[in-house]
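Colleague: Coordinates only, no sequence provided:
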């Protein structure tokens, strides 16, 4: 943008990148003591891990990708 003499007015790049990643944005919110929706904070790598976490949290649970989608791909699980 410098070559076009356009000045960006908005949040810093790090803030924009962090808000595009659900896990990173939730970590930042918690660090800033902003209330967040309760749930698991981190990546899940297997079906068994998903089941263990869901049982600990208690059903129903919402399962969502950590980045992108705009709400697409969210699923509610009422049981195993």
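Modeller: Structure's in. What do you need? It should be emphasised that the depicted structure is a prediction, and the values quoted were computed from it without experimental measurement. Residues are numbered from 1 along each chain as shown.
Colleague: from here on, contacts and neighbour counts on C-alpha atoms
Modeller: Will do.
Colleague: tell me the pLDDT at the residue nearest in space to the middle of the chain?
Modeller: Geometric centre of the chain, nearest residue: residue 22, 1.8 Å, by CA atoms, centre = their mean. We note a pLDDT of 76 for residue 22 in this prediction.
Colleague: Please shift the residue numbers so they start at 36 in all later answers.
Modeller: Sure, I'll start counting at 36 from here, so that last one is residue 57.
Colleague: can you list contacts of the lowest-mean-pLDDT helix or strand in the chain?
Modeller: None of the helices or strands of the chain scores lower by mean pLDDT, DSSP states H and E than helix 48-54, at a mean of 80. With CA atoms under 8 Å, 6 or more residues apart in numbering as the test, helix 48-54 has contacts from 59-60.
Colleague: how about it: buried residues?
Modeller: By 16 or more other CA atoms under 10 Å, helix 48-54 has no buried positions at all.
Colleague: can you pull out the strands in this protein?
Modeller: Taking DSSP state E as the test, the strands found in the chain are 96-98, 110-112.
Colleague: okay, and for this protein, where does confidence drop off?
Modeller: Applying pLDDT under 70 to the chain flags residues 36-37, 101-106.
Colleague: can you give me the helices for it?
Modeller: Remark: helices assigned in the chain by DSSP state H are 48-54, 57-66, 82-92.
Colleague: Off-centre distance for the first one?
Modeller: Pointing back at helix 48-54 there. Relative to the mean C-alpha coordinate of its chain, helix 48-54 is positioned 13 Å out (CA atoms, centre = their mean, to the nearest Å).
Colleague: Stretch 76-87 too?
Modeller: Worked out by CA atoms, centre = their mean, stretch 76-87 lies 14 Å from the chain centre.
Colleague: what's the span of it from first residue to last?
Modeller: Across stretch 76-87, the terminal residues are separated by 14 Å (CA to CA, to the nearest Å).
Colleague: for that stretch, which positions count as buried?
Modeller: Buried residues in stretch 76-87, counted by 16+ other CA under 10 Å: residue 85.
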